[in-house]
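Colleague: Next input, structure requested:
(chains A, B, C and D)
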There are 4 protein chains.
Amino acid sequence: MIEKVRVAVVGVGNNTSALVQGISFYRDTGSLVGIHRPEISGLGVGDIDVVAAFAISDAKVGKDLHEAIFLPPNNFPRLAAELPPSGVTVQRGLVDSTEIERVAHALKGAEVLLYSAPSGRPQTAQAYAEAALTAGVAFVNTTSDAVAREPSWLRRFEEAGLPLIGDDLASQFGTSVLHHTLLRLLEERGLTLVSSYQVNLGGTEDFRNLVENSNTKKQSKLNALGSDKVQLAPLGYLPQLGSEKIAHLNIEAKGWGETAVSLDVRLKVHDPSGAAGVNIDLIRIAATALRAGRGGYPAEAATLLKSPPGTAV
Amino acid sequence: MIEKVRVAVVGVGNNTSALVQGISFYRDTGSLVGIHRPEISGLGVGDIDVVAAFAISDAKVGKDLHEAIFLPPNNFPRLAAELPPSGVTVQRGLVDSTEIERVAHALKGAEVLLYSAPSGRPQTAQAYAEAALTAGVAFVNTTSDAVAREPSWLRRFEEAGLPLIGDDLASQFGTSVLHHTLLRLLEERGLTLVSSYQVNLGGTEDFRNLVENSNTKKQSKLNALGSDKVQLAPLGYLPQLGSEKIAHLNIEAKGWGETAVSLDVRLKVHDPSGAAGVNIDLIRIAATALRAGRGGYPAEAATLLKSPPGTAV
Amino acid sequence: MIEKVRVAVVGVGNNTSALVQGISFYRDTGSLVGIHRPEISGLGVGDIDVVAAFAISDAKVGKDLHEAIFLPPNNFPRLAAELPPSGVTVQRGLVDSTEIERVAHALKGAEVLLYSAPSGRPQTAQAYAEAALTAGVAFVNTTSDAVAREPSWLRRFEEAGLPLIGDDLASQFGTSVLHHTLLRLLEERGLTLVSSYQVNLGGTEDFRNLVENSNTKKQSKLNALGSDKVQLAPLGYLPQLGSEKIAHLNIEAKGWGETAVSLDVRLKVHDPSGAAGVNIDLIRIAATALRAGRGGYPAEAATLLKSPPGTAV
Amino acid sequence: MIEKVRVAVVGVGNNTSALVQGISFYRDTGSLVGIHRPEISGLGVGDIDVVAAFAISDAKVGKDLHEAIFLPPNNFPRLAAELPPSGVTVQRGLVDSTEIERVAHALKGAEVLLYSAPSGRPQTAQAYAEAALTAGVAFVNTTSDAVAREPSWLRRFEEAGLPLIGDDLASQFGTSVLHHTLLRLLEERGLTLVSSYQVNLGGTEDFRNLVENSNTKKQSKLNALGSDKVQLAPLGYLPQLGSEKIAHLNIEAKGWGETAVSLDVRLKVHDPSGAAGVNIDLIRIAATALRAGRGGYPAEAATLLKSPPGTAV
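Modeller: Reported below is the predicted structural model:
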């Protein structure tokens, strides 16, 4: 039987709730519904143990992980999974670089550090990357803050023989991939794009954060869509949506004889599920690379991120 | 300068209107907007001359082609193209196999016969195929009636060294390819399909015909989507739509933790444009194969049809 | 304390399931969510007892009502209500007029007969009306079959001093009222209607019935919308929808300077809830009229039906 | 024959373009399409002459009105109306209160001053109101800035025997009235609102202005919708939309048995048409009141504004 991956997580928000609950749900039920890759190098989606967790909210620090994931502002729904106490107590996350040593110490025994805090705090992201390097742990950056796409960081992980994955998680199924796919389809069929827009509405704390720091995020999205005819309308924070995200997409194009083609799409999806569905893969890819002694960027992760190495910082 | 392709068309409906107007529009304007393949074996979209046309409507027979394409029930809009008299007088189409000789005679000088009549009259389709064989002309069947997917017909064209293309034109951009693409995207990302539907509304004579003969068409569509979780609601004929088609698609799926993902799409497109945008390629593929002496099914056409050879009849 | 209304129901389909479950749900919870009129003449929504039920399905006849409402093809969801055995055994419904006596006998003790069978069987509807007259019971026809709008029937109920309500229940919130309201709004604001369509998709047995007998229903709907610019596309039966109905509405209009105004609407609603939410009012109106000795058509019911007396038969 | 209304306009943006073009269009064509009130006290929509216009853009000042309405950033489309030079030269608008005298002088001969500048400059609005008082001209404030709902201003116009109309034009057909109507319909039918949102996207300079000064506007909108369950997502400025506005509305409610009802709406409308279609009425109401010697707020205007007198300032 395969050895379970030992993961430490930074951030005990909705994405961690979806990840932790989902692992238990799939272990309990044996269901394969909604799973992208049932196995990666022999690791199933249940073959993961969270061994440490860091948060900065006073309410969450000191609580058992299985209790903390349900505390506000988290609002991801409760899945049909048994969640007895996990035995993992949420530790205080670092707020500046003086605490790197403490975190590195707490990472002993972990194989992968999943950095799943809100985007928009690059120094914090890099401090955890430093802690991972110190502790000899693979690092996965799911935020849009630049770590893996910074050549200097990638070089240090390569030299240390440690995997580094990032930046900016591409959701298992979200607005970006949908919009991308539709635009590509039009192009493949020879239609000419006239204009397109995308409106994103969400109700999570992460979303509120994005709204407030929307420039970083937008830049990353535009990287992904890559046309000046595609516009992102401002993000809207609507708490009533809970952990659901709603996106409205419109595409106007021209076909044969320059006649009009219109496409309007409404997508409704739980954002934290989209994150967890990819994090489960990134963790397994990172662990596999670590166990095989492969440092640096694992090629298998490339399509799972919006701003991988090589993207403009 | 390349020799223009000499095409005969059966059916002077909206699709022929879009094709004929579009060829002039692109010749006049030099625009490349909405064109899938600017060139096929050196043939541009303007390098086509319609040299004969067949219709069964008394109103259209005997008229100049450039006049006949605007007669009711045609309702494709008038594009911004100059359309002086074409010099091609619409001839009476055949209604039974006794007239194959007459049609074959009228095809002399043509290279390609584009069969673009309404679907649902397999014997008529096959009579024109027979006339094409007799006249030594390539045959393109855009209807859902079985010709090219009938092994016996394919063999006869192969033996005669004549290209045969069909059946059931896949629109340049229509509901089928869109639905297909979205379902495939879900699958690629590891989501699990729960249910899906597709509603198609149109206002053309072709559409009215489909509604009345909907079984043939539906079967062909289901071939294309290939899942028992996908349902086609009855087609709706709404004359107010003119030559526009509106499709409503819904997809319900499950992602990580079996949480719900919903996708609702509305597509608005001119059906005849979608047909003309592919017919322009099929004609050029057929002419190229004929000029190269290649009989039978040209492989380049395979992805442009819904029921190519090998599909169940 | 007010005396509860004693109701007999014809039809043990989804609408009856929604009605019966809803009465228990509101009695248990005291909730007022989703209730149109908390009280009618002192009668709350819980002040109703079903005392007899008729069905023609072999599977349902002989079963307790609280069991029968969950048998296929019923697919209305199970509400959060306690449903111990009701003590009411489903009786065999009549199939021709020779059984009127038997049904009339079984109605003894009831005050109101709610006719909630599928539309499209006018003779059956009228046979139950006859039984109600014989038994001295008020009659409520929720189907589109003509009873209350037949002057001869109305006269007979008036003469008997019995209330008669019908025809064709207007759902508490359905496509018709929504479409109507939007068209009226446009008119009030001075916009000019260009065209409009409505597509209805459903997954209930009632819906399948409507699809198969769509002419009767369509006529009734067109009565309701009253413009030749408004078109109903064919109804679509999609079993995957269960008891949900989805409607797609489109309205195209012109405003100042003849510029375009477009409105696209998607409505998702449980059809049986829409029926039950009005049936609960019709029952109380009928009982109130009966108890007050008022025969014929109770004016309070007029706005709750699509084809009240005075509509073309 | 009735004497034409002599109007001065402040602001030569899209709304003025739609108004001026529309008046000519309806005079030329005799069309009644899209007109709310063909006549108000004998005044048709063509019975209006613009006699003065004020703008602050250097590009527009000094130009003939019929030229200035097509200058950027204006992007309302060109209607099918003849527009020979108007003879009205655009004058420089005031930027502070020292210029009130000059403007008042330029208003001589006008009956109504239509204040149609961008919202968000209350002092400018009030300076023009002062000029109207000085010149003895009726004042119509279409912006959300407080004038008519300031009791002190209303008193001054009453005392001067001059009509004062405002504030914040309710579009002939826009998101607010649509959202309002749908919420009221739900309430009338007894459904219980769970949550609702509204997203507005536009491409005009006015819209860009709104986005930048969104708080004032939002407050006015929330006045109009009046429920804490209804949320407005941030406005999105998408220049590609030109003078079209697109709104996405969602309403989630509960019906009988607390089952879900969902409503999704997409509205596409030319904002300037919606403004012009109401301005044409406000002008005629103001002129009628002025001619009848009625000062203060004309009751007929009450329903045409979002923040009439009595609304919180």
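Colleague: where exactly do the strands run in the stretch 101-250 of chain A?
Modeller: Secondary structure of the stretch 101-250 of chain A (DSSP state E, counting those that start in this stretch): strands at A:112-115, A:138-141, A:164-165, A:192-202, A:230-232, A:236-237, A:244-254.
Colleague: Check those for me and report the most buried one.
Modeller: strand A:164-165 (a mean of 31; mean count of other CB atoms under 10 Å in any protein chain shown). Quick note: C-beta positions are derived from backbone N, CA and C, even for glycine.
Colleague: Quickly run through the sheet partners of that strand, with directions.
Modeller: Strand A:164-165 pairs in its sheet with strand A:138-141 (parallel), by DSSP bridges.
Colleague: List the contacts of the strand it pairs with.
Modeller: A:111-115, A:125, A:128-129, A:132-133, A:147-148, A:157, A:162-167, A:279, A:282-283, A:286-287, A:289-290 (CB atoms under 8 Å, 6 or more residues apart in numbering or on different chains).
Colleague: Now do the contacts for the residue of the stretch 51-200 of chain A found nearest chain B.
Modeller: At 2.6 Å from chain B, A:Gly190 is the closest residue in the stretch 51-200 of chain A, using CB to the nearest CB. Shown in contact with A:Gly190 (CB under 8 Å, 6+ apart): A:255, B:34-37, B:172, B:277.
Colleague: how about a cut-off of 6 Å?
Modeller: B:35-36 (CB atoms under 6 Å, 6 or more residues apart in numbering or on different chains).
Colleague: Roughly how far does it sit from chain C?
Modeller: Counting by CB to the nearest CB, to the nearest Å, the gap between A:Gly190 and chain C amounts to 27 Å.
Colleague: Now do the domain split for chain A, please.
Modeller: A:5-170+A:273-304, A:175-270 (automatic domain parsing).
Colleague: low pLDDT regions in the stretch 101-250 of chain A?
Modeller: Where the stretch 101-250 of chain A drops to pLDDT under 70, the residues are A:213-226.
Colleague: Recalculate using a threshold of 80.
Modeller: Confidence mapping of the stretch 101-250 of chain A against pLDDT under 80 gives the ranges A:209-227, A:233-235.
Colleague: Report the closest residue of chain A relative to chain C.
Modeller: Closest to chain C within chain A is A:Asp264: 7.6 Å, counting by CB to the nearest CB.
Colleague: longest helix in chain A, by residue count?
Modeller: helix A:271-291 (DSSP state H).
Colleague: now check that one, is it near chain B?
Modeller: Yes. Using CB under 6 Å from any CB of the partner chain, helix A:271-291 reaches chain B at A:273, A:276-277.
Colleague: ok, and the closest non-adjacent residue to A:Ser24?
Modeller: Distances taken as CB to CB, 6 or more residues apart in numbering or on different chains put A:Ala81 closest to A:Ser24, at 4.0 Å, once the chain neighbours are dropped.
Colleague: what does A:Gly274 give?
Modeller: A:Ser171 (3.3 Å).
Colleague: For that neighbour, give its distance to A:Arg121.
Modeller: 20 Å (CB to CB, to the nearest Å).
Colleague: Okay, A:Pro38 and chain D: tell me how far apart.
Modeller: 33 Å.
Colleague: how many neighbours does that residue have?
Modeller: 11 (other CB atoms under 10 Å in any protein chain shown).
Colleague: Identify the residue nearest A:Arg284 in space, chain neighbours excluded?
Modeller: A:Ile40 (4.1 Å).
Colleague: Next one, pLDDT for the one you found please.
Modeller: You'll see A:Ile40 listed with a pLDDT of 97.
Colleague: in the sheet, who's paired with it?
Modeller: The partner list for A:Ile40 in beta bridges (DSSP bridges) reads A:Leu43.
Colleague: for chain D, what are the nearby residues on the stretch 51-200 of chain A?
Modeller: Counting by CB under 6 Å from any CB, the stretch 51-200 of chain A sits next to chain D at A:195, A:197, A:199.
Colleague: number of nearby residues for the residue lying closest to the first one once chain neighbours are set aside?
Modeller: Meaning A:Ser195. Nearest non-adjacent residue to A:Ser195, counting by CB to CB, 6+ apart: D:Gln240, 4.0 Å away. D:Gln240 has 16 neighbours, counted by other CB under 10 Å.
Colleague: re the thing from before, anything in the helix or strand where the residue of chain A closest to chain C lies near chain B?
Modeller: According to DSSP states H and E, A:Asp264 maps onto strand A:260-270. Yes. Strand A:260-270 reaches chain B (CB under 6 Å from any CB) through A:261-270.
Colleague: For that strand, list every residue counted as buried.
Modeller: Neighbour-count burial for strand A:260-270, with 16 or more other CB atoms under 10 Å in any protein chain shown as criterion, is recorded at A:261, A:263-270.
Colleague: what do you get for stretch A:114-122?
Modeller: So, applying 16+ other CB under 10 Å, buried residues of stretch A:114-122: A:114-120, A:122.
Colleague: Make TSV from those residues and add distance to B:Thr181 to it.
Modeller: Below are the buried residues of stretch A:114-122 laid out as TSV (distance: CB to CB, whole Å):
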residue	distance to B:Thr181
A:Leu114	32
A:Tyr115	33
A:Ser116	31
A:Ala117	35
A:Pro118	33
A:Ser119	30
A:Gly120	34
A:Pro122	36
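Colleague: Filter those residues down to the ones in helices?
Modeller: With DSSP H as the criterion, helices contain A:Pro122 from among those.
Colleague: of the buried residues of stretch A:114-122, closest to B:Phe207?
Modeller: A:Ser119 (48.2 Å; CB to CB).
Colleague: just to revisit the earlier point, next one: the nearest residue to the residue of chain A closest to chain C once chain neighbours are set aside from D:Gln198, what distance?
Modeller: Using CB to CB, 6+ apart and skipping residues adjacent in sequence, the residue nearest A:Asp264 is B:Arg266, 4.5 Å away. According to CB to CB, B:Arg266 stands 19 Å off from D:Gln198.
Colleague: follow-up on the earlier one: tell me which of the domains of chain A sits nearest to B:Ser176.
Modeller: Proximity of the domains of chain A to B:Ser176 was assessed by CB to CB; the nearest stretch is domain A:175-270, lying at 11.6 Å.
Colleague: Report how far apart the opening and closing residues of the closest one are.
Modeller: The first and last residues of domain A:175-270 sit 11 Å apart, counting by CA to CA, to the nearest Å.
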